[in-house]
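*Asks:* pasting the sequence and the predicted coordinates here, then a few questions.
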Amino acid sequence: MGNPHDPYPAGAGTAEDAHAVRITVHTAEDMRELGRRLAALLLPGDLVLLTGELGAGKTTLTRGLGEALGVRGAVTSPTFVIARVHPSLTGGPALVHVDAYRLGGGLDEMEDLDLDVSLPESVVVVEWGEGKVEDLSDARLQVVIGRTLGEERGRAKGGAHGTEGAAAGADAGPGAEPAEGDDTREVTVIGIGPRWAGQDLAPLLL
């Protein structure tokens, strides 16, 4: 198993066939804003894989993305249903939000979910999807969310950035947000495949 904070995790390709930007995100609102900026780059059929430990901010980012796409329904953690479909209210693509942690069958199981939506006409955001759903598309965005070095040290000492703070994080449960003082993250966004070869990721920088 690779390092979950490696900007080129297993299945993500290499520096030669991917390009990336790295953003320091200081607050939960900044994470939502990053999601909004990400939405501006996305087209129907795009696949976004989110990597990060529990409470890293994956659902918070997706919430901002859904807001900018103008989709129906509150974006919360899909943990208990595996996938949620948020239809567009503006004539744009639907948002399909997937938690692949328990999706043991990978792509085949994804296709069996009967989502009542065309994936090639939707924006698909998958948490915990590495090694499971890459075949949904020949290109993808890999978003790797990691704690800053200072927070890692704080967790090791059991301080304000320790385990309890992580458990109160952005995707620790439906609608949860990072605890105050526990939300600084390093986010690496990696464009992989032909769709992203000429795409400027600089608009993501906060």
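*Replies:* Ah, there it is. Just so it is clear, the model here is predicted, and its values are computed rather than measured.

*Asks:* mind checking how far the closest residue in space to S137 that isn't next to it in sequence is from G55?
*Replies:* Nearest non-adjacent residue to S137, counting by Cβ to Cβ, 6 or more residues apart in numbering: L47, 4.2 Å away. Any C-beta I mention is one placed from the backbone N, CA and C, and that applies to glycine too. In this structure, L47 and G55 are 24 Å apart, going by Cβ to Cβ, to the nearest Å.

*Asks:* swap in L115?
*Replies:* L115 is 27 Å from G55, by Cβ to Cβ.

*Asks:* between these two, point out the one with more neighbours.
*Replies:* Between L115 and G55, counting by other Cβ atoms under 10 Å, G55 is the more crowded of the two (26 against 18).

*Asks:* doesn't the more buried one lie inside a helix?
*Replies:* No: counting by DSSP: H, G, I helix; E, B strand; the rest coil, G55 is not part of a helix but coil.

*Asks:* just give the number of residues close to the residue lying closest to G45 once chain neighbours are set aside.
*Replies:* For G45, ignoring the flanking residues on the chain, the nearest one in space by Cβ to Cβ, 6+ apart is P120 at 4.7 Å. Residues lying near P120 (other Cβ under 10 Å) number 12.

*Asks:* before we move on, what about V187?
*Replies:* Neighbours of V187 using other Cβ under 10 Å come to 24.

*Asks:* give me every residue that touches the nearest residue to it once chain neighbours are set aside.
*Replies:* Counting by Cβ to Cβ, 6+ apart, I23 is the residue found nearest to V187 once chain neighbours are left out, at 4.7 Å. Going by Cβ atoms under 8 Å, 6 or more residues apart in numbering, I23 touches 34, 186-189, 204-206.

*Asks:* out of the residues you listed, flag the one nearest to A139.
*Replies:* In terms of Cβ to Cβ, no member of the contacts of I23 lies closer to A139 than V189, at 13.5 Å.
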